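Undergrad: Got a sequence here, can you model it:
(chains A, B and C)
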Amino acid sequence: MSDAVASPHHDAGRDREVPARVVVEAAISWFSRARRDLPWREDDASAWSILVSEVMLQQTPVVRVLPRWQEWMERWPTPADLADAATADVLRAWDRLGYPRRALRLQECARAIVAEHGGEVPRGEEALRSLPGIGEYTAAAVTAFAHHGRAVVVDTNIRRVLARARRGRALPDRSYSAAERALATAMLPADREESVAWNQSVMELGALVCTARAPRCEQCPLAEVGCTWYAAGRPAPEEDTRRRQPFEGTDRQLRGRIMALLREHGSAEPEQLAALDPADPARVVRCATSLLSDGLAVRDPQSVTSAQDTARTQDEQDLPALRLP
DNA sequence: AATTCGGGGCA
DNA sequence: TGCCCAGAATT
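TA: Model (predicted):
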């Protein structure tokens, strides 16, 4: 950087910062021709169907959500439909989207909407936030995309785009920070309709172009217009010493295997459960207990293996037979 | 602020 | 194999 003037009273970098308006307009223009046709973006998509898509999309890629969402909306098109469903059917329909507690909460959400909001998805982020499984992001997303309201939507895509375009960083902060929220708030257009378009556009930009790995800067509408990170030569991220949680051999994986058993057969005997990890029976007990605690499984009183069966090993006696709730 | 909570596909 | 994905709830 060769700044002509560098004084304590003159921040050259800030002076050359591209106005937010320019970035907003470039993103919206790009979106109008590059947007994906996703079913929950159709004009006739209900607020409930959009809410369902947002919950399914929490930590789950679009391509994997698509088929599940289609089936789900055909089967349970309204909150009342899902509220009346058997929870076991809900968990089976969730299939392998992951984090099955989301399915449980989505049904709780449907029941709350029926009980407290007359079966209609409520308006307002505060009311949405009070629903099970709806956090800061989803409340804002439903407000913007279902109700076409002005809301500060910040997901992993938007965090990354703003980090690069406006902060000159390769990656967002490790956890959603006050600085990121302030930046997103400052970027949000005052006009309601434009704010909706911006939210959609910047999110899509992060998903399709400004990706986490191998960003496609050559086709980015912000590159030449004023992306701080691009202008700085795309500096590499700072060394991340954080170690991500492994998956192989974790409770998460074993819980997933137990849920897969329950989805397929409806129930599981202690022997079946123990066989999932013969080397560590205590882990199986721990995971079965946590699934019971989460309400993802219940004890199966119809089990053919009763608790007083003396043929069972000690570990198996600590394991209840499980079935879907 | 840090952890826990699935699962699959791709570099 | 490591990393990432339209986060929420709990501590």
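
Undergrad: What residues does chain A have near DNA strand C?
TA: Contact residues, chain A versus DNA strand C (CB under 7 Å from any atom of the strand): A:38, A:40-41, A:53-54, A:57-62, A:99, A:105, A:132-139, A:141, A:155-157, A:160, A:203-204, A:206-207, A:211-213, A:244, A:246-247. Yep, even glycine has a C-beta here, placed from its N, CA and C like the rest.

Undergrad: Give me the buried entries from those.
TA: Among the residues of chain A next to DNA strand C, the ones that count as buried by 16 or more other CB atoms under 10 Å are A:40, A:53-54, A:57-58, A:60, A:99, A:105, A:132-134, A:136-139, A:141, A:155, A:157, A:160, A:203-204, A:206-207.

Undergrad: Filter those residues down to just the ones in strands.
TA: For these, not one is inside strands, with DSSP state E as the criterion.

Undergrad: Give me the subset of these that lies in helices.
TA: Within these, residues falling in helices by DSSP state H are A:53-54, A:105, A:136-139, A:141, A:157, A:160, A:203-204, A:206-207.

Undergrad: Same list (the residues you listed) but as JSON lines, adding distance to residue A:32 and pLDDT.
TA: Converted to JSON lines, these look like this (distance: CB to CB, whole Å; pLDDT from 0 to 100):
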{"residue": "A:53", "distance to residue A:32": "21", "pLDDT": "98"}
{"residue": "A:54", "distance to residue A:32": "22", "pLDDT": "98"}
{"residue": "A:105", "distance to residue A:32": "35", "pLDDT": "98"}
{"residue": "A:136", "distance to residue A:32": "28", "pLDDT": "98"}
{"residue": "A:137", "distance to residue A:32": "24", "pLDDT": "98"}
{"residue": "A:138", "distance to residue A:32": "25", "pLDDT": "98"}
{"residue": "A:139", "distance to residue A:32": "26", "pLDDT": "98"}
{"residue": "A:141", "distance to residue A:32": "20", "pLDDT": "98"}
{"residue": "A:157", "distance to residue A:32": "18", "pLDDT": "98"}
{"residue": "A:160", "distance to residue A:32": "21", "pLDDT": "97"}
{"residue": "A:203", "distance to residue A:32": "14", "pLDDT": "98"}
{"residue": "A:204", "distance to residue A:32": "11", "pLDDT": "98"}
{"residue": "A:206", "distance to residue A:32": "17", "pLDDT": "98"}
{"residue": "A:207", "distance to residue A:32": "16", "pLDDT": "97"}
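
Undergrad: Same list, these, but as JSON lines with distance to DNA strand B please.
TA: Listed next are those as JSON lines, based on distance: CB to the nearest atom of the strand, whole Å:
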{"residue": "A:53", "distance to DNA strand B": "14"}
{"residue": "A:54", "distance to DNA strand B": "14"}
{"residue": "A:105", "distance to DNA strand B": "11"}
{"residue": "A:136", "distance to DNA strand B": "12"}
{"residue": "A:137", "distance to DNA strand B": "13"}
{"residue": "A:138", "distance to DNA strand B": "14"}
{"residue": "A:139", "distance to DNA strand B": "17"}
{"residue": "A:141", "distance to DNA strand B": "17"}
{"residue": "A:157", "distance to DNA strand B": "15"}
{"residue": "A:160", "distance to DNA strand B": "16"}
{"residue": "A:203", "distance to DNA strand B": "18"}
{"residue": "A:204", "distance to DNA strand B": "19"}
{"residue": "A:206", "distance to DNA strand B": "16"}
{"residue": "A:207", "distance to DNA strand B": "14"}
